[in-house]
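Visitor: Fold the stuff below for me.
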Amino acid sequence: ARWVVNKESHATEIQDIINHYFLIQRIKSPTQNNNDAVELYNNLLSSAHNILVLAMKTKQQASLSVSAELLMAINQFEEVYQSYK
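Guide: Numbers count the residues shown, from 1 in each chain. Down below sits the predicted model:
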């Protein structure tokens, strides 16, 4: 039971960070009508959404494969975000 509570609290923390820090504060819609900027923005949004969905699935399941997918999604988001800054 303790492992499940810890897993769910970490997943909730990941969701909070993505929502309250990245989606609200850091990821801004492109001000210029540049296709590259729009594509990067869309990649960031879809990557952030993928993290949120996988964090939700991590809370629902006890499978380690979903947690591994979540880690890969976070790493992918980091790569995209680094090119955004």
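Visitor: From Lys28, how far out is Ser83?
Guide: 15 Å (C-beta to C-beta, to the nearest Å). Glycine gets a C-beta too; all of them are placed from N, C-alpha and C.
Visitor: do Ile14 as well
Guide: 21 Å.
Visitor: Please say which of these two ends up with more neighbours.
Guide: Ile14 (18 against 9; other C-beta atoms under 10 Å).
Visitor: Please look at the more buried one and Ile51 and confirm they touch.
Guide: Yes - using C-beta atoms under 8 Å, Ile14 makes contact with Ile51 at a distance of 6.7 Å.
Visitor: So for these two, which residues contact both of them?
Guide: Shared contacts of Ile14 and Ile51 (C-beta atoms under 8 Å, 6 or more residues apart in numbering): Leu70, Ile74.
Visitor: Check which helix or strand His49 maps to.
Guide: helix 35-60 (DSSP states H and E).
Visitor: what sits against Met56?
Guide: Met56 makes contact with Ala11, Gln15, according to C-beta under 8 Å, 6+ apart.
Visitor: Could you measure from the nearest residue to Leu23 once chain neighbours are set aside over to Ala37?
Guide: What sits nearest to Leu23 in space, not counting adjacent residues and going by C-beta to C-beta, 6 or more residues apart in numbering, is Ala48, at 5.9 Å. Per C-beta to C-beta, Ala48 is found 17 Å from Ala37.
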